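J.: Got a sequence here, can you model it:
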Amino acid sequence: MAARHIRKIPIAHKATQRQQRMLGIVSLLLLGISLYFAELDVKQLAAGLDRLPAIGKQLAQLSFANAGELLRELVTSIIVAFLSVIFSVAAALFLAFLVAENTAPNRLVGRSLNAVFVIIRTIPTTIWVLLAVASMGFGPMAGVLGLMFPTASYLIRTFAAQIEEAGGETIEAIRSVGGTWWHVIAKGMLPTLLTAFLATTAFRFEISVAESVILGMVGAGGIGSLLQGYISYYQFADLSLGILMVFFTMFLLEMGTVRIRKRIAKQG
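T.: Here you go, the predicted model:
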């Protein structure tokens, strides 16, 4: 008996292949346009790469002369991030229930609020901090206020998504026995979602600490302002110590938040 001809099965659908080719062409086109408008100077890049070994040698020379000041400002950056997260959580715990589809008391109000928070998220955090600095002046208070807007918006969006994913069974059960909107929130949703909210908050705190360090360079206070000064005056020995302090702080925070999220997940 003659062997039957085995027909090969195409790995990808023709329409999918066309979309992939189109995506590749568009990506290459955007790459070319970006390189053109960026006006990258190959000579300047080569000169910068040549200077890297010398800068690396300077960074390797640690100076502990300003260690105390760096530590104080690092604590300030952490405090700025902590306060911004605490105030944002207080707002998000209430507003997220107004935005979530299954708990919003009024759909129109919920969607309007969601649109406002989308606009807030589209504005970079640096802009919010600059606006706070312009209204309040340089310092940690401007950092707290500037970080609050994007942090609260992020938490509201994430909390609302978690509320919607929790399902409507709890809500229907409480409403079926005559429970009000407040009963749904306080007796049903919050106890169920508290562990998820805590895990999200811990993750956001880690991000906020990193942002507060960076935003210190634009007037939010903290260690970022010192690092900016060291860069401006080529104080690489002091700069390297500050970088190491930030690195170890972020490393410890990440390890801590990972352990917190794992412990919360086990309890949940």
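J.: where does residue 101 land in three-state SS?
T.: Under DSSP: H, G, I helix; E, B strand; the rest coil, the three-state class of residue 101 is coil.
J.: Against residue 45, how distant is residue 55?
T.: Using Cβ to Cβ, to the nearest Å, one gets 15 Å for the distance from residue 55 to residue 45. Heads up, the C-betas are built off the backbone N, CA and C, glycines and all.
J.: what about residue 174, how many residues close to it?
T.: Counted with other Cβ atoms under 10 Å, the neighbours of residue 174 add up to 19.
J.: ranges for the helices of the stretch 1-150 of the chain?
T.: Along the stretch 1-150 of the chain, counting by DSSP state H, counting those that start in this stretch, helices occupy 14-38, 42-59, 67-99, 107-122, 125-136, 140-165.
J.: returning to what we had before: with neighbour numbers in mind, choose between residue 55 and residue 45.
T.: Neighbour totals were compared for residue 55 and residue 45, and residue 55 leads with 13 against 10 (other Cβ under 10 Å).
J.: Could you tell me how many residues sit around residue 218?
T.: Counted with other Cβ under 10 Å, residues neighbouring residue 218 total 19.
J.: is it true that it touches residue 125?
T.: No - using Cβ atoms under 8 Å as the test, residue 218 is too far from residue 125 to be in contact (9.9 Å).
J.: Which pLDDT value does the model give residue 30?
T.: The score at residue 30 is 92. That number is its pLDDT.
J.: Actually, residue 163.
T.: For residue 163, the predicted pLDDT is 89.
J.: need the contact list for it.
T.: 96-97, 100, 102-103, 189, 193 (Cβ atoms under 8 Å, 6 or more residues apart in numbering).
J.: Can you flag the buried ones in these?
T.: Buried members of the contacts of residue 163, counted by 16 or more other Cβ atoms under 10 Å: 96-97, 100, 102-103, 189, 193.
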